[in-house]
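**Student:** with the sequence up front, the predicted model follows.
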Amino acid sequence: MDEHEVRRILTEHRTAAHARVTAIAAELAEVTAASADSNLDDEHDPEGSTVAFERAQLAALLAQAREHLRDGEDALRRLAAGQYGRCERCGVAIGDERLAAVPLARRCIACASHPGR
Ligand SMILES: [Zn+2]
C-alpha cells in the first residue's frame, strides 16, 4: 500500500469515527435530558430501567467510538512520523496484508496474538 492510499484510508476512518462520536454523544445527551424531564423512577418504573439500560448502552458505544477515533488519530500520527506499519512492541514491519485487513493495527500478528507476553 502506498502512503497516499494509507493516508486516505486513515483519514476516512477518522472522519467516520468523529461523526460517530458526535452522533452518539448527541443521542446520549437526548436520552439523559428526556429521563431527567420525565421524573422516572429508575428502580421501580419499568420504563425507567429501559432508559437506564439505553443510557448504559449508549455510554458503552460512545467509549468504543472514542477509542476508534483515538486509534485513527494515532495511526495518522504514526504515519506522519514514519512509524506507520511498524509493530509498536517488537518493531518489525507489520506487513501489507495485515495492514490492508486492519489498517489501524499497532502490532504485528505475532505480538497481537500474544498480548500478554
Ligand atoms: Zn511485533
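**Tutor:** Cool, got the structure.
**Student:** following the record's annotation, map out the domains of this structure.
**Tutor:** In terms of domains, the chain is parsed into 3-84, 85-117 (source: automatic domain parsing).
**Student:** return the residues in contact with the most centrally placed residue in the chain.
**Tutor:** The centre of the chain sits closest to residue 68, judged by Cα atoms, centre = their mean, with a distance of 1.8 Å. For residue 68, the contacting residues are 13, 17, 20, 104, by Cβ atoms under 8 Å, 6 or more residues apart in numbering. Quick note: C-beta positions are derived from backbone N, CA and C, even for glycine.
**Student:** which of the helices or strands spans the closest residue to the last one other than its chain neighbours?
**Tutor:** Counting by Cβ to Cβ, 6 or more residues apart in numbering, residue 104 lies nearest to residue 71, which is 4.7 Å off, once chain neighbours are set aside. For residue 71, the element it lies in under DSSP states H and E is helix 46-80.
**Student:** quick one: buried residues of that helix?
**Tutor:** 48, 51-52, 54-55, 58, 61-62, 65-66, 68-69, 71-72, 74-76, 78-79 (16 or more other Cβ atoms under 10 Å).
**Student:** low-confidence regions, the chain specifically.
**Tutor:** Along the chain, the model assigns pLDDT under 70 to residues 1, 38-48, 115-117.
**Student:** what does the chain have sitting close to the ion?
**Tutor:** Proximity of the chain to the ion (Cβ under 5 Å from the ion) is limited to residues 87, 89-90, 108, 111.
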